[in-house]
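**Student:** Generate coordinates for the sequence data below:
(one chain, ligands or ions: 1)
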Amino acid sequence: MKKSRHELLRSIPKVDTFLGLPVFEGCASKVLLPLIRERFGRLRIAIEEGKTTDVNAGKLAEEIRQAYDTVMTPSLQSVVNATGVIVHTNLGRSLIDPESFEKARALACSYNNLEYDLKKGKRGERYSHITGLMKMLLGCEDVLVVNNNAAAVFLILNTFAKRKEVIVSRGELVEIGGSFRIPEVMKQSGAKLVEVGATNKTHLRDYEEALGERTRLVMKVHKSNYSIEGFTSEVPFAQIRTLAKARGLIDYYDLGSGHVAELPYGLGQKEPGLHEIMKHDPSLLSFSGDKLFGSVQAGIIVGKKALISKLKKNQLLRMLRVDKVTLAILAEDVQKMLRDEYEKIPTLRMLFETEKTLEQRAEKLKKRLEKSVSCEIVRTQTVVGGGSTPNRKIPSVAVSVTSGRLGANRIEALFRAQRIIGRIEAGRFLLDLRTVSEDEFDTIEKGAECLISS
Ligand SMILES: *Cc1c(COP(=O)(O)O)cnc(C)c1O
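**Tutor:** Predicted coordinates for the structure are as follows:
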């Protein structure tokens, strides 16, 4: 017999008793209660509008439990990066070496001398923990570490060129504009950007002609996310440095993806290393900690002591400063670089791996996956990513996966549902071994099994 609306409304469980159902065992009531109230509220409306003819407590409970699990599952999760892109901006950029992280964990979970001088027994400076190491690594006078490289750019412009002028090549600004919006950050710093040259060509005389009373900085920005090929010219940093020095101005190089290792596959030709730029004795140089440098998210500023101490006096630094975890990881990683232990820097380890090693790993993965899908080993190319080495491909090896009548897009989506991110190339779904370690094979194998039932 059909229940009346009144009867239906009365059959909605009492919240107190509903809460006690076994399905909710161990649930936090702070989360559960609002979910129940919200669901019951919708149910009441549905009954009043005649859209529901039944109240099924068991089904309601299941539904609410699912909503609870969704809320309480952290949305930030590990994924398998099988895209082959080593510094993947969407997938967390550089990996942190577990050993460095372990050291940082111990420090962060106990009190420490972050801003305490143990010798003098009084207030110390957080940046002091990285200064000595960085000086050794790069031969710089001083160093400052901020939240990221965008913050470094902002702090430098705000400190030295607020309501004053910065000269920068239009071509370089255009190129970082697209995805980074760094030109916007620069404008927010209060500095007036004086863009010189054409999109494809800038000459030293363009800089010279733009110099004026209000000029404080001459800046070079590394062409990061792509490069204009063909009829182009840009002014080398050495010339900018010389010009700035002659006019008593500050030269500043925003390098973006700074690195210390000798890069393989000829990448070093297009991507100047930190040591190379340090040879020109820059007034200021900044780069990201988690691009090709291969460490933690940070903006690292190196340069002249007098300038760095001005940066340290800027009140904005308080908002951009890094925490103990960042400093601890960075200190660990820089020590590894000083010992030439590049294999312990995951980003560099992946970059240096030979095609032979990748092929052997691909063979192993293929064997594991063949039980559930069809696989083939393919030679391919990938990019380093993270706005570094624009347009430069490096060789890689991938396992291409096919399964029955499933298309590449469908396969990609099914793997993605298992948090395995691959890429589609020439209509094929690829798992690129450049960024996949053997530890992840179990996960990938399970992911592939899900394709059988689809
Ligand atoms: C990546 C990049 C930035 C921004 O650095 P973040 O660490 O992402 O803040 C700025 N300038 C250049 C040239 C870059 O390549």
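**Student:** what about stretch 139-152, average pLDDT?
**Tutor:** For stretch 139-152, mean pLDDT is 97.
**Student:** List the buried residues for it?
**Tutor:** By neighbour count on 16 or more other CB atoms under 10 Å, the buried set for stretch 139-152 is 140, 142-152. In this view, the C-beta of every residue, glycine as well, is placed from N, C-alpha and C.
**Student:** Point out the ones among these that are inside helices.
**Tutor:** 149-152 (DSSP state H).
**Student:** Residue 395 - how many residues pack around it?
**Tutor:** 14 (other CB atoms under 10 Å).
**Student:** so how many other residues sit close to the residue of the chain found nearest the ligand?
**Tutor:** The nearest approach of the chain to the ligand comes at residue 256, 2.1 Å away (CB to the nearest ligand atom). Counted by other CB under 10 Å, the residues lying close to residue 256 total 24.
**Student:** again, but for residue 104
**Tutor:** Count around residue 104 with other CB under 10 Å applied: 22.
**Student:** what residue ranges in this protein score low on pLDDT?
**Tutor:** 1, 175-180, 224-232, 387-391 (pLDDT under 70).
**Student:** List the buried residues of the top helix by length along it.
**Tutor:** Counting by DSSP H, the longest helix found in the chain is helix 29-48. Within helix 29-48, the residues that count as buried by 16+ other CB under 10 Å are 32, 35-36, 39-40, 43, 47.
**Student:** what about the helix or strand following that helix, distance to the chain center?
**Tutor:** Per DSSP states H and E, the first helix or strand lying C-terminal to helix 29-48 is helix 57-72. Distance, stretch centre to chain centre, for helix 57-72: 34 Å (CA atoms, centre = their mean, to the nearest Å).
**Student:** let's have the chain start at 299 instead
**Tutor:** All right, first residue 299 from here; so that's helix 355-370.
**Student:** who's in contact with helix 355-370?
**Tutor:** Outside helix 355-370, the residues that touch it by CB atoms under 8 Å, 6 or more residues apart in numbering are 311, 316, 319, 321-322, 325-326, 329-330, 333-334, 337, 341.
**Student:** other SSEs contacting whichever helix or strand comes after it?
**Tutor:** The element immediately downstream of helix 355-370 (helix or strand, assigned by DSSP H and E) is strand 378-379. Counting contacts by 3 or more CB pairs under 8 Å, 6 or more residues apart in numbering; DSSP states H and E, strand 378-379 is packed against strand 718-719, helix 739-750.
**Student:** Residues touching the longest one, excluding its own?
**Tutor:** Just to be clear, that refers to helix 739-750. With CB under 8 Å, 6+ apart, helix 739-750 has contacts from 378, 380, 662-663, 666-667, 669-671, 699, 701, 704, 709, 712-713, 715-718, 729, 734.
**Student:** quick one: which of those residues sit in strands?
**Tutor:** Among the contacts of helix 739-750, the members falling in strands (DSSP state E) are 378, 699, 718, 729.
**Student:** which of the helices and strands packed on strand 378-379 is buried the deepest?
**Tutor:** Scoring the helices and strands packed on strand 378-379 by mean neighbour count under mean count of other CB atoms under 10 Å gives strand 718-719 as the most buried, with a mean of 20.
**Student:** contact partners of the next helix or strand after that one?
**Tutor:** Going down the chain from strand 718-719, the next helix or strand is strand 721-723, by DSSP H and E. Outside strand 721-723, the residues that touch it by CB under 8 Å, 6+ apart are 380-382, 678, 696, 706-707, 710, 727-728, 730.
**Student:** Tell me which strands strand 721-723 pairs with, and in which orientation.
**Tutor:** In the sheet, strand 721-723 lines up against strand 726-730 (antiparallel) (DSSP bridges).
**Student:** Would you mind writing the CA trace of the partner strand as CSV?
**Tutor:** Below are the C-alpha coordinates for strand 726-730, written out as CSV (Å, rounded to 0.1, in the frame of the first residue of the first chain):
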residue,chain,number,x,y,z
ARG,A,726,48.9,4.7,-28.5
PHE,A,727,48.9,4.7,-24.7
LEU,A,728,52.4,4.8,-23.3
LEU,A,729,53.9,4.1,-19.9
ASP,A,730,57.3,6.0,-20.1
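**Student:** Can you give me the buried ones in it?
**Tutor:** Buried-residue list, strand 726-730, by 16+ other CB under 10 Å: 726-730.
**Student:** In this structure the residue of the chain closest to the ligand contacts residue 470, no?
**Tutor:** No - with contacts counted by CB atoms under 8 Å, residue 554 stays clear of residue 470, the gap being 10.6 Å.
**Student:** which residues do these two both contact?
**Tutor:** Contacts common to residue 554 and residue 470, judged by CB under 8 Å, 6+ apart, are 519-520.
**Student:** Distance from the chain centre to stretch 644-652, please.
**Tutor:** That offset, for stretch 644-652, works out to 17 Å (CA atoms, centre = their mean).
**Student:** Quick one: residues in contact with that stretch.
**Tutor:** Here stretch 644-652 makes contact (CB under 8 Å, 6+ apart) with 384-385, 392-395, 557, 559, 561-562, 590-592, 640-641, 682, 692, 732-733.
**Student:** again, only using 7 Å
**Tutor:** 384-385, 392-393, 395, 559, 562, 590, 592, 640-641, 682, 732-733 (CB atoms under 7 Å, 6 or more residues apart in numbering).
**Student:** which SS class is the residue most central in space within the chain?
**Tutor:** For the chain, residue 391 is the residue whose C-alpha lies nearest the centre (CA atoms, centre = their mean; 3.4 Å). Assigned state for residue 391: coil (three-state reduction, DSSP: H, G, I helix; E, B strand; the rest coil).
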